[in-house]
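Undergrad: model this:
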Amino acid sequence: MAKWSTFQVLIVANMILFMFMLERMVSSHTFQPPTAGGGAVNTGFSTLLVYTIILLGLYLLFLFEAKKNRALFAHSAWLKMPQLTLLIAIVAASAFIGLATMGPLFNWVLHVRFLLYIVGVFFLFITFLFVFSLIHKRRFHHRHVESSVHWSLIWTILVFIGTFFVFPSL
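TA: Reported below is the predicted structural model:
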């Protein structure tokens, strides 16, 4: 196995370990309940921090894939990837809303809480992939894949910071 593939396997293992530790921390109620007049337990900053850590893992996966110098990011399918990821995001969001309101999603999450983390990482992955595909499409003929990955991380985090600034109750 090549060096970059080994790093990718380690990143995925660390992301799974992070999710497991996050679940243990939340399920063991290590957060102190808010006192009278105190803020919410899960602040926007802590949520943004978790999102950023997951996005850093996705960023490293893409960066290590770009360093392999394979033709994956040179494929012409990347020119249609923004539309494809947007379509996947719309279908996935519709399925999520449908399963959450009329379906068995809450029962599944009660029995298998880790499913909630998988869905969250999936939506973060789709968001990162959408931003990356937009940036990579603009730079497709220049072959600057690594800089596209760097800019994708920056813009994705800025989108989430902007979202939490506009909607602080998230």
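Undergrad: so where do the helices sit in the chain?
TA: 3-27, 44-67, 81-101, 105-111, 114-138, 145-166 (DSSP state H).
Undergrad: mean confidence (pLDDT) on the shortest one, please.
TA: When pLDDT is averaged over helix 105-111, the result is 83.
Undergrad: spatially central residue in the chain, please.
TA: Leu124 (2.3 Å; CA atoms, centre = their mean).
Undergrad: so that residue makes contact with Leu55?
TA: Yes: using CB atoms under 8 Å, Leu124 is in contact with Leu55, at 6.2 Å. (Each C-beta comes from the backbone N, C-alpha and C, glycine too.)
Undergrad: if you count neighbours, what's buried in the least confident helix or strand in the chain by mean pLDDT?
TA: Least confident helix or strand of the chain, by mean pLDDT, DSSP states H and E, is helix 105-111 with a mean of 83. By 16 or more other CB atoms under 10 Å, the buried positions in helix 105-111 come out as 105, 109.
Undergrad: related to what we said a few turns ago, quick one: pLDDT of the residue nearest to the centre of the chain?
TA: 94.
Undergrad: how many other residues sit next to Leu55?
TA: Using other CB atoms under 10 Å, Leu55 has 21 neighbouring residues.
Undergrad: how close does it get to His111?
TA: When distance is defined by CB to CB, to the nearest Å, Leu55 is 28 Å away from His111.
Undergrad: residue contacts, Arg139?
TA: Shown in contact with Arg139 (CB atoms under 8 Å, 6 or more residues apart in numbering): 147-148.
Undergrad: if we can go back for a sec, OK, contacts around the residue nearest to the centre of the chain?
TA: Leu124 neighbours (CB under 8 Å, 6+ apart): 51, 54-55, 58.
Undergrad: with Ile88 instead?
TA: Ile88 sits in contact with Ile126, where contact means CB under 8 Å, 6+ apart.
Undergrad: residues touching stretch 152-170, excluding its own?
TA: 44, 47-48, 51-52, 55-56, 59, 62, 127-128, 131-132, 135-136.
Undergrad: one more pass at 6 Å, please.
TA: For stretch 152-170, contacts defined as CB atoms under 6 Å, 6 or more residues apart in numbering pick out 44, 48, 51-52, 55, 59, 128, 131-132, 135.
Undergrad: cool, stretch 15-27 as well?
TA: 57, 117.
Undergrad: rerun that using 7 Å as the cut-off
TA: Here stretch 15-27 makes contact (CB atoms under 7 Å, 6 or more residues apart in numbering) with 50, 53-54, 57, 113-114, 117.
Undergrad: how about stretch 98-110?
TA: 115-116.
Undergrad: could you tell me the end-to-end distance of that stretch?
TA: 17 Å (CA to CA, to the nearest Å).
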